[in-house]
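*Asks:* fold the following, please.
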Amino acid sequence: YGIYFIIDTLFGLGVGGDIFGLDYVEVACVAIQILAILAVLFNVTRSTENNNQFQKILLAHSFTWWGVQTMNVYMFFYVSNIISGISADSFASVNSWAFLVRDLIGALLPVLVLNVIAKKSGMSKTHTGSILLMALGSSLIYFFYSNIYVFFASLCLVGIGWASLVSLPFAIMSERVDQSKMGLYMGIFNLSVVLPQLVASGKMGEIVNAAADKSIIFAICAVCLAISGILWIAVKDKKLYKYCDDVVDVFDIKEGDELFVDVAATSVSLVLKREEEQKLICRGTNTVNRFLGEFAGKVNKELNGEN
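*Replies:* Numbering: from 1, shown residues only. Prediction:
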């Protein structure tokens, strides 16, 4: 749909059809999306565990951005048309404060709360809960649409999801891909952000502009985020201890070798040291620092015959 939207905007294809407000190409895109969801969830292509988990991450992440970008672009229409008790001169101010509340929580929560929860419960579970809270916040705004107090209180819930969105998905993704091809996977991962943004700017914009009741903005947000949260449930946390024997076998770790953790400003790496040679085994964000340290210690004890 993203490609179709760009071409249609530039050249005006004028594709016919009106099936529930969708033209023929849009109906085809919906059908492909449904088939893609089923294919990924049931692993029709028989992909490896990591590749299938990566596909699930892309799928879930794209629905998140359908909802979030709809909020980002059309929030002002909601504020100016729905919330009661504010003057026309205050619309821009209320809109700015709304984004400030959401973004402030998004800036503080990862450091203060989410990283701690992710270490104990796992990054995927933490992110899933955060996105579902974001869906709940959007639902409350939709159902209590004209109350400015409920609006700002619900934005606090939305901010929890935003905090997770800007910190955890990349870390979850990086655990599931070949580190030597990280650039390629990052490019594919970014498509799960950019293409949904085109959907939000295109079809979602048509829906919002055509609707007399602008509260539909947060209905769209709530539905997309709820679907995203449900899809994130299918993404499993990767357990490092589970792969201890595999790591030892694949990298032919033996007596005299050493595993150590290299901590940088924004990432942490598990490195194999053999004489003067060093080889990267895996890299993650600092949220997995403790787990990598414990893992390296466990393998080193086994190499030294202590365990």
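
*Asks:* does residue 74 touch residue 207 like I think?
*Replies:* No - applying Cβ atoms under 8 Å, one finds residue 74 not in contact with residue 207, separated by 9.8 Å. The C-beta positions use only the backbone N, C-alpha and C, and glycine is treated the same way.

*Asks:* select the longest helix from the chain.
*Replies:* Identified as the longest helix of the chain according to DSSP state H is helix 49-81.

*Asks:* how about the helix or strand that that one is followed by, which residues are buried there?
*Replies:* Using DSSP states H and E, the helix or strand that follows helix 49-81 towards the C-terminus is helix 91-109. Within helix 91-109, the residues scored as buried using 16 or more other Cβ atoms under 10 Å are 91, 94-95, 98-99, 101-102, 105-106, 109.

*Asks:* repeat for stretch 109-119
*Replies:* 109-110, 113-115, 117-118.

*Asks:* which of those residues fall within helices?
*Replies:* Among those, DSSP H puts 109, 115, 117-118 in helices.

*Asks:* re the thing from before, what is the longest helix of the chain packed up against?
*Replies:* If contacts are counted by 3 or more Cβ pairs under 8 Å, 6 or more residues apart in numbering; DSSP states H and E, helix 49-81 sits against helix 24-41, helix 91-109, helix 123-143, helix 148-165, helix 169-174, helix 182-199, helix 205-210, helix 216-232.

*Asks:* just how off-centre is that helix within its chain?
*Replies:* 8 Å (Cα atoms, centre = their mean, to the nearest Å).

*Asks:* how about it: buried residues?
*Replies:* By neighbour count on 16+ other Cβ under 10 Å, the buried set for helix 49-81 is 52-71, 73-80.

*Asks:* before we move on, what about stretch 170-177?
*Replies:* Here stretch 170-177 shows 171-177 as buried, counting by 16+ other Cβ under 10 Å.

*Asks:* distance to residue 153 and pLDDT for those residues - can I get that in a markdown table?
*Replies:* Output for these, formatted as a markdown table (distance: Cβ to Cβ, whole Å; pLDDT from 0 to 100):
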| residue | distance to residue 153 | pLDDT |
| --- | --- | --- |
| 171 | 29 | 88 |
| 172 | 29 | 91 |
| 173 | 32 | 91 |
| 174 | 34 | 86 |
| 175 | 34 | 81 |
| 176 | 36 | 83 |
| 177 | 38 | 85 |
